[in-house]
Each structure stands twice: as structure tokens, then as C-alpha cells.
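> Provided below for reference: sequence and predicted model.
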Amino acid sequence: MNAPASPRVASLIGVPTDIGASARGASMGPEALRVAGLREAILRQGMQVIDRGNLAGPVNPCEARQGGYRHLPEVIEWNRALHDATRAELAAGRMPIMLGGDHCLGIGSISAVARHCRDSGRKLRVLWLDAHTDFNTAAISPSGNVHGMPLACLCGFGPQELVAIGGEGPAIRPEWLRLIGIRSVDAGEARFVDEQGLEVYDMRCIDEIGVRETMARALAGIDDETHLHVSFDVDFLDPQIAPGVGTTVQGGPSYREAQLCMEMIADTGRLGSLDVVELNPALDVRNQTAALAVELIESLLGKTTLARRLPAQRPYALGQAGAFERMSFISSSKRARSAGSGGGPSPPRKAPKTDAPSWS
């Protein structure tokens with residue numbers, strides 16, 4: 001794989017609505033992320049940041065479902081606005097980072113990304129980090145909340161106003177998706193997911209094969225022509241470390257497991273766009289979930305503990321799941337001391353001979 005191709009300018013797009021959710025409060029998510037220092041974290045990774053502020057849209061009417069959906073007209077309006085905003089940033093060569101808001105907004109953001117990929121002739125891979133598959137339809141959804149339906153809509157199972165919001169429907173194909181961290185699926189939804197052949201890495205899978213192998217498989221096949229989109233629902237995380245969400249599900253990834261997910265995604269160098277959704281400050285404790293989300297986003301953008309020398313060939317990013325080359329790690333302080341010693345920098349010590357990579 002060539003040098004990383006991720007855009008070096010990030011555009012923050014706040015979408016303050018909980019129109020598709022069951023619980024109120026996700027509308028405050030964008031400001032909580034800003035307060036937690038998201039802009040500063042991105043700057044630390046050597047990127048420029050443009051904060052576009054918040055999009056405007058209809059208020060939450062808090063009405064019952066009609067025709068199988070709750071608040072469908074309002075959901076359509078918010079997603080159209082987000083589609084146009086996301087598409088504009090992509091066309092300008094910037095990385096749109098959508099600050100939600102609930103996960104129904106993935107329809108607008110991913111439809112825009114898919115449209116951009118069609119126009120530019122690039123492949124698309126979507127990583128859906130979530131406790132839920134969000135593949136319900138009006139016919140099988142117990143609630144009618146659209147935040148449980150975005151992936152189904154993106155794959156063509158939903159109202160035409162959402163299916164074709166990107167000018168062509170369906171926006172994506174099921175084989176472009178990788179769902180990670182799943183642990184809560186409605187019965188009818190589970191059957192539908194199986195029928196569509198989605199590639200799902202639920203928590204039992206992660207328990208059995210580990211995060212490293214899970215991510216190796218989820219990232220397999222990504223190459224220079226791939227646009228990687230990450231849709232990060234904060235309820236992906238275990239609620240013991242991330243209580244500030246409206247739909248907590250026990251047994252999610254730990255802090256270190258989540259960090260490894262983000263670090264391995266960053267290593268591909270292909271991240272082109274990002275959703276951060278379902279953060280609910282009304283249910284948080286001293287903004288700790290927002291602070292954790294910002295920390296994970298910084299890792300997703302390339303933050304590392306040590307200066308790393310990665311091999312030119314990174315197997316997990318090239319489709320060879322499970323085949324890892326060794327990585328040698330040299331601390332920044334040691335390199336600085338060696339460079340300033342007068343005798344030139346010392347060569348790094350070789351990694352110990354072992355079948356496993358040398359991790360710090």
C-alpha cells in the first residue's frame with residue numbers, strides 16, 4: 001500500500017437532532033464533543049480543522065409512529081441537509097466528520113459518501129461500530145424509530161425519499177458493510193440480516209477470535225482505491241466506560257479493545273469520512289463519554305503511544321487476514337537522544353524473535 005491518502009483537512013458538521021431516536025438528548029451531542037476538545041484533538045494529529053457549526057432542521061415533535069415510522073418527514077429533512085453538507089466537503093477534498101445526533105443521520109452522510117465514490121470511481125467500505133445492526137424496516141421494527149433503520153434504508157429497504165436521497169438508490173450494497181460490536185438485535189431484524197448476508201462481527205465473535213483478528217477480517221481487501229467510512233455509534237462501547245447513550249447494552253468492547261479497533265483502522269491510511277452519533281449528554285457523567293469519544297477519534301486519526309515503524313506491506317490492510325508482520329517501536333525520546341549524541345542515530349533494536357508481533 002502506498003502512503004496514507006486520508007484528507008488532511010477535517011470539517012466538523014454538527015447535526016443537533018434526536019428525531020430518529022427513542023430517548024431525547026442526542027441533540028446535545030455535537031456541543032458535548034466540542035466541549036470535550038474534539039477540535040484540539042484533531043489539530044494535535046497535524047490536521048487542519050474547519051468547524052461548519054450546526055445544521056438547522058425541524059424540532060422533534062415527539063409523536064407516535066405513522067405508517068410504520070416515527071417522524072418520517074422530519075427525518076427526511078435532516079438527512080437531506082446532511083447529505084448536501086457532506087457532499088460539499090468531500091467535493092472540496094476535506095474529511096467530513098458528522099457530529100450527531102442520532103444514528104438515523106447515517107442515511108444522509110453515507111448516501112453522500114456513496115455518491116462521491118460513484119462520481120470519483122472509488123470503492124467504498126463502511127465500518128459500522130455499534131451495539132445494534134440498525135437493519136429494521138417499518139414492517140419489523142418494534143418501535144418505528146428510524147435510528148434503528150439506517151442500514152436497511154441505505155441498502156434499499158425503506159421509503160423512497162430516504163433510499164434515493166443520494167440521487168440513486170440503493171446507496172450501498174450489503175457486501176460493502178462490516179458491522180462490529182453487535183450484541184442487541186430484534187428477532188425479525190436478525191432473520192432479515194441473515195437473509196441479506198451482512199458481514200457481522202458480534203461480541204461472541206470478538207470473544208472467540210479477539211479484536212485483532214476481527215479487525216483484520218473487517219479491513220481485508222482495502223486498497224489505494226478504497227474510501228473508508230466509519231460510522232461510530234457511541235453505544236458500541238461498554239456502558240461501564242461510556243454511560244452517556246440512550247440505548248446502553250452491557251458487554252461491549254472495553255477501553256483497550258476500542259482503542260485497538262481505532263488504531264488498526266488508522267493504520268490503513270484510508271479513512272475518508274466519519275460519523276459520531278448517539279452521544280447523549282443528558283445521560284452522561286461529567287461529560288466522560290464525550291471525552292472518551294474524542295480520545296478514540298484521535299486514535300482513529302493516527303495518535304500513537306510510541307513512534308512506530310510500520311512495514312511497507314501491512315497485511316491486515318491488504319486482505320491477508322491473520323497474517324501480520326512484526327512492527328518495531330522506537331520511543332520518540334530515545335530517537336531524539338540518539339540523533340543528538342554526535343555519533344549519528346543508532347539503528348533500532350530488532351524485535352525479539354517470536355511468532356507474534358512486538359507490541360508495546
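Arrived safely, thanks for sending. Nothing here was measured: the structure is a model prediction, and the numbers come from that model.

> where in the stretch 151-300 of the chain is pLDDT low?
Along the stretch 151-300 of the chain, segments meeting pLDDT under 70 are nowhere present.

> and residue 260, how far is that from residue 38?
Residue 260 sits 21 Å away from residue 38 when distances are taken as C-beta to C-beta, to the nearest Å. Any C-beta I mention is one placed from the backbone N, CA and C, and that applies to glycine too.

> these two - which one has more neighbours?
A direct count of neighbours by other C-beta atoms under 10 Å for residue 260 and residue 38 places residue 38 higher, at 25 against 19.

> that one touches residue 29, doesn't it?
No: applying C-beta atoms under 8 Å, one finds residue 38 not in contact with residue 29, separated by 11.0 Å.

> which residues do these two both contact?
residue 99 (C-beta atoms under 8 Å, 6 or more residues apart in numbering).

> kindly report the domain assignment for the protein.
9-308, 326-360 (automatic domain parsing).

> hey, which of those is tucked in deepest?
Among those, ranked by average contacts under mean count of other C-beta atoms under 10 Å, first place goes to domain 9-308 (a mean of 21).

> now it: how far from the chain's centre is it?
5 Å (C-alpha atoms, centre = their mean, to the nearest Å).

> what residues are up against the nearest residue to residue 45 once chain neighbours are set aside?
Nearest non-adjacent residue to residue 45, counting by C-beta to C-beta, 6 or more residues apart in numbering: residue 301, 4.5 Å away. Residues near residue 301 by C-beta under 8 Å, 6+ apart: 6, 10, 41-42, 45, 47, 266, 271.

> repeat the analysis, applying 10 Å as the threshold.
Applying C-beta atoms under 10 Å, 6 or more residues apart in numbering, we find residue 301 in contact with 6, 10, 41-42, 44-47, 95, 97, 262, 265-266, 271, 274.

> end to end, how far does stretch 181-200 reach?
With C-alpha to C-alpha, to the nearest Å as the measure, the ends of stretch 181-200 fall 8 Å from one another.

> summarise which helices and strands the longest helix along the chain is packed against.
In the chain, with assignment by DSSP state H, the single longest helix is helix 72-91. If you count contacts as 3 or more C-beta pairs under 10 Å, 6 or more residues apart in numbering; DSSP states H and E, helix 72-91 packs onto strand 9-15, strand 48-54, strand 95-100, helix 106-120, helix 150-154, helix 160-163, strand 271-277.

> in JSON lines: these, plus distance to residue 144.
Below are the helices and strands packed on helix 72-91 laid out as JSON lines (distance: least, C-beta to C-beta, whole Å):
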{"stretch": "strand 9-15", "distance to residue 144": "21"}
{"stretch": "strand 48-54", "distance to residue 144": "26"}
{"stretch": "strand 95-100", "distance to residue 144": "19"}
{"stretch": "helix 106-120", "distance to residue 144": "15"}
{"stretch": "helix 150-154", "distance to residue 144": "13"}
{"stretch": "helix 160-163", "distance to residue 144": "14"}
{"stretch": "strand 271-277", "distance to residue 144": "19"}
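
> wait, which of these is closest to residue 187?
Between residue 187 and the helices and strands packed on helix 72-91, the tightest spacing by C-beta to C-beta is seen for helix 150-154, at 15.3 Å.

> packing partners of the closest one?
Against helix 150-154 (3+ C-beta pairs under 10 Å, 6+ apart) you get helix 72-91, helix 106-120, strand 123-129, helix 160-163, strand 177-182, helix 187-196, strand 226-233.

> by contact count, what packs against the shortest one?
Same thing as helix 160-163. Looks like helix 160-163 contacts helix 72-91, helix 106-120, helix 150-154 (3+ C-beta pairs under 10 Å, 6+ apart).

> please save the CA atoms from that helix in PDB.
Taking Å, rounded to 0.1, in the frame of the first residue of the first chain, the C-alpha atoms of helix 160-163 are listed here in PDB:
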ATOM      1  CA  GLN A 160     -38.000   6.100  -1.500                       C
ATOM      2  CA  GLU A 161     -37.300   9.600   0.000                       C
ATOM      3  CA  LEU A 162     -34.500   8.000   2.100                       C
ATOM      4  CA  VAL A 163     -33.400   5.200  -0.200                       C
END
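
> that older thread, export the helices and strands packed on helix 160-163 to a markdown table and tack on distance to residue 129?
Shown next, in a markdown table, are the helices and strands packed on helix 160-163 (distance: least, C-beta to C-beta, whole Å):
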| stretch | distance to residue 129 |
| --- | --- |
| helix 72-91 | 18 |
| helix 106-120 | 11 |
| helix 150-154 | 12 |
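
> wait, which of these is closest to residue 220?
Nearest to residue 220, of the helices and strands packed on helix 160-163 and by C-beta to C-beta, is helix 106-120 at 18.7 Å.

> could you tell me the angle between that closest one and helix 72-91?
40 degrees (axes from the mean of the first three to the mean of the last three C-alpha atoms, to 10 degrees).

> list the contacts of the closest residue to residue 73 other than its chain neighbours.
Using C-beta to C-beta, 6+ apart and skipping the chain neighbours, the partner closest in space to residue 73 is residue 58 (7.7 Å). Neighbouring residues of residue 58 by C-beta under 10 Å, 6+ apart: 17, 19, 71, 73-78.
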